[in-house]
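Undergrad: Got a predicted structure here, sequence first:
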Amino acid sequence: MVLLRRELGDALRETRQTQGRTLREVSASASCSLGYLSEIERGEKEASSELLASICRALDVPLSDMLSDVADRVSLAEAAQQQMTAVLTDGLAQPIRRSEVTTRRRAVVSAA
């Protein structure tokens, strides 16, 4: 399942790290506890809209840009999830039987 809080946390962490800033610096600028910001970045907590706006200001990133980035991430994650579901549903991810492994091993050894 795609979770918005995880995608948002990843986007915030990547932005902060790209800027070479620490959690301590950003949390102080955003008036947010270091621990809470860390939990948001790890996707464990959901930020309120006010706190998210404050974090984006601290990162000097427009809230709209951050939300667009997160929307793109969610879209990609949903597409990947749908593709994986289709592969599993269509039976393309069948377990390999032991006899198939032995046959493949023999073919590789004899080719060498």
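TA: Sure, I can see it. Keep in mind the model is a prediction, meaning the values are calculated, not measured.

Undergrad: mind checking the longest helix of the protein?
TA: helix 63-89 (DSSP state H).

Undergrad: list the helices and strands that one packs on?
TA: helix 4-18, helix 49-58 (3 or more CB pairs under 8 Å, 6 or more residues apart in numbering; DSSP states H and E). Heads up, the C-betas are built off the backbone N, CA and C, glycines and all.

Undergrad: Can you add mean neighbour count and give those back as TSV?
TA: Below are the helices and strands packed on helix 63-89 laid out as TSV (neighbours: other CB atoms under 10 Å):
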stretch	mean neighbour count
helix 4-18	18
helix 49-58	16
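
Undergrad: Throw those helices into a markdown table and include distance to S33, thanks.
TA: Output for the helices and strands packed on helix 63-89, formatted as a markdown table (distance: least, CB to CB, whole Å):
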| stretch | distance to S33 |
| --- | --- |
| helix 4-18 | 15 |
| helix 49-58 | 11 |
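
Undergrad: So which of the ones you listed is nearest A77?
TA: helix 4-18 (6.5 Å; CB to CB).

Undergrad: Run through who's touching that closest one.
TA: 22-23, 26, 40-47, 52, 55, 59, 61, 66, 69-70, 73-74, 77 (CB atoms under 8 Å, 6 or more residues apart in numbering).

Undergrad: Ok, stretch 31-49 next?
TA: Residues from elsewhere that reach stretch 31-49 (CB under 8 Å, 6+ apart): 3-10, 12-13, 16, 23-24, 26-27, 30, 51, 54-55.

Undergrad: let's see it at 7 Å
TA: 3, 5-6, 9, 12-13, 23-24, 26-27, 30, 51, 54-55 (CB atoms under 7 Å, 6 or more residues apart in numbering).

Undergrad: Stretch 73-81 now?
TA: By CB under 7 Å, 6+ apart, stretch 73-81 touches 2, 4, 7, 10-11.
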